[in-house]
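**Student:** Show me the folded form of this:
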Amino acid sequence: MDPKQKLIVIACGAISGVVIVALAVLLFSQIGAMNEARQSRDDDEASLRSYYQATPYPSDANRKIREDDTARLMAWGDSARALLSKGLAVPQGESPSQFVNRLSETIRSLNERQGLGGTTVKAVDGAEGTMDYSFGRYITQNEMPKEADVPRLAAQFAAIEHVCGLLLENGAQRILQVTREPFDSAQAQEPKTETRTSRTSRRRGRATEEERPATAASGTPVDPALEKDGVTCESYSIRFRARYVTLAKVLNALVQDDLFVVVTDLSVQGTASVKERVDEMIKTRQNARASAQRRSASARKDAESAKAAAAEKEKPLFEGVSPTGRLVTDPANSMPLDVTLKFDVYSVPPPAEATVAPATAKEEGN
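**Tutor:** Purely as a prediction, here's the structure:
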């Protein structure tokens with residue numbers, strides 16, 4: 001073999017070696033990629049298997065639970081609406097004068113049940129006051145309500161009369177103050193005559209005047225979800241004097257009552273100090289003992305009488321006194337309390353009854 005052929009063979013061998021080395025490197029790199037691809041495939045397969053083997057959601061059991069919950073909530077909502085629509089019996093179709101007459105008679109009756117006469121009564125501090133149950137404009141000032149306001153005024157007075165009746169039936173001693181939402185207070189304000197210089201100011205003033213009655217007549221704000229269903233709320237406050245047992249009975253009666261009442265605040269204050277009561281009891285007992293000793297000394301002025309008087313002084317002050325004269329039990333509950341009860345009354349118009357039109361002769365024939 002000549003040198004030229006040898007060079008060609010060496011060159012071809014070198015090129016083949018380089019190609020083989022390159023192919024080996026490529027092979028090793030592809031083996032790594034193949035292993036990664038296999039691992040990824042196995043991971044995907046495991047994920048798919050776990051997905052297919054997992055319990056589907058919602059399953060039939062989940063759907064059954066959700067359907068039962070929905071049915072229970074709907075039943076609860078229907079029962080709540082039925083309670084809201086019960087309310088109190090309010091006279092319908094009253095004229096303003098009829099309402100005012102009924103208002104005067106009922107207020108007089110409530111005051112007479114407390115041993116009071118009419119509407120002008122003595123306040124707790126001894127001053128003259130008016131017990132008009134927050135309807136003084138129509139009782140003492142002889143005003144007439146607007147005809148459009150009579151239904152709401154009648155509903156407000158029905159709630160006040162009902163709760164005051166519960167208080168008096170359960171032993172309340174005195175109803176001191178009643179407040180309601182005075183949506184009709186705008187009637188007492190005389191319209192102001194102002195000279196407006198621009199059309200914009202006139203429009204603004206008109207919008208303000210129209211806004212005021214709408215805001216006053218809307219009642220206590222309720223949740224938008226309730227407002228959608230036509231639920232309205234009226235707020236009241238009654239301050240009265242009663243013992244604790246009366247308060248407990250009234251609160252229990254409100255829970256079981258047809259009227260949908262929510263107590264928002266309850267303030268209870270004692271009307272007398274325990275220390276003053278104990279001091280008064282001690283003073284009364286000391287005066288009674290001193291009087292008894294004076295009578296005994298004037299009746300028998302001898303050594304035996306003096307010895308009896310000395311023995312009497314040695315005895316405890318409240319020995320022999322009846323329990324009512326020597327015990328101070330549960331003073332916060334046994335004495336009359338000054339109670340302020342604030343509550344909201346929720347209501348909804350009763351569902352309209354479906355009226356079926358009478359069938360005509362032609363329809364009956366068909």
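**Student:** Run through the neighbouring helices and strands of the helix or strand containing Val245.
**Tutor:** Element membership of Val245 [criterion: DSSP states H and E] is helix 244-256. Judged by 3 or more CB pairs under 8 Å, 6 or more residues apart in numbering; DSSP states H and E, helix 244-256 is in contact with helix 150-169, strand 260-270, helix 331-334, strand 337-347. Heads up, the C-betas are built off the backbone N, CA and C, glycines and all.
**Student:** Would you mind writing the CA trace of stretch 26-40 as PDB?
**Tutor:** Taking Å, rounded to 0.1, in the frame of the first residue of the first chain, the C-alpha atoms of stretch 26-40 are listed here in PDB:
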ATOM      1  CA  LEU A  26     -25.600  11.400  21.700                       C
ATOM      2  CA  LEU A  27     -26.700   7.900  22.700                       C
ATOM      3  CA  PHE A  28     -25.900   8.500  26.300                       C
ATOM      4  CA  SER A  29     -27.700  11.900  26.300                       C
ATOM      5  CA  GLN A  30     -30.800  10.300  24.800                       C
ATOM      6  CA  ILE A  31     -30.800   7.500  27.300                       C
ATOM      7  CA  GLY A  32     -31.000  10.200  30.100                       C
ATOM      8  CA  ALA A  33     -33.900  11.900  28.300                       C
ATOM      9  CA  MET A  34     -35.600   8.600  27.800                       C
ATOM     10  CA  ASN A  35     -35.400   7.900  31.500                       C
ATOM     11  CA  GLU A  36     -36.800  11.300  32.300                       C
ATOM     12  CA  ALA A  37     -39.600  10.700  29.800                       C
ATOM     13  CA  ARG A  38     -40.400   7.300  31.300                       C
ATOM     14  CA  GLN A  39     -40.500   8.900  34.800                       C
ATOM     15  CA  SER A  40     -42.800  11.600  33.600                       C
END
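**Student:** Using the three-state scheme, assign the closest residue in space to Ser235 that isn't next to it in sequence.
**Tutor:** Sequence neighbours aside, Thr220 is the residue nearest to Ser235 in space, at 4.8 Å (criterion: CB to CB, 6 or more residues apart in numbering). Put simply, Thr220 is coil when judged by DSSP: H, G, I helix; E, B strand; the rest coil.
**Student:** Likewise for Leu110?
**Tutor:** Applying three-state DSSP to Leu110 yields a three-state assignment of helix.
**Student:** Check the one 5 residues further on too.
**Tutor:** Gly115 carries the three-state label coil when classified by three-state DSSP.
**Student:** so who does it touch?
**Tutor:** Contact analysis of Gly115 by CB atoms under 8 Å, 6 or more residues apart in numbering lists nothing.
**Student:** Using neighbour counts, pick out the buried residues of stretch 100-109.
**Tutor:** For stretch 100-109, the neighbour count (16 or more other CB atoms under 10 Å) marks 100, 103-104, 106-107 as buried.
**Student:** how about the residues you listed in CSV, adding distance to Ile10?
**Tutor:** Listed next are these as CSV, based on distance: CB to CB, whole Å:
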residue, distance to Ile10
Val100, 131
Leu103, 128
Ser104, 134
Thr106, 129
Ile107, 130
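**Student:** Columns distance to Val261, secondary structure and pLDDT on top of those, output as TSV?
**Tutor:** Output for the buried residues of stretch 100-109, formatted as TSV (distance: CB to CB, whole Å; DSSP: H, G, I helix; E, B strand; the rest coil; pLDDT from 0 to 100):
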residue	distance to Val261	secondary structure	pLDDT
Val100	26	helix	92
Leu103	22	helix	92
Ser104	26	helix	91
Thr106	20	helix	92
Ile107	21	helix	91
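**Student:** Tell me the one of those nearest Leu88?
**Tutor:** If you rank those by distance to Leu88 using CB to CB, Thr106 comes first, at 13.1 Å.
**Student:** Can you tell me, leaving aside adjacent residues, what's nearest to that closest one?
**Tutor:** Glu161 is the one closest to Thr106 (CB to CB, 6+ apart), at 6.0 Å.
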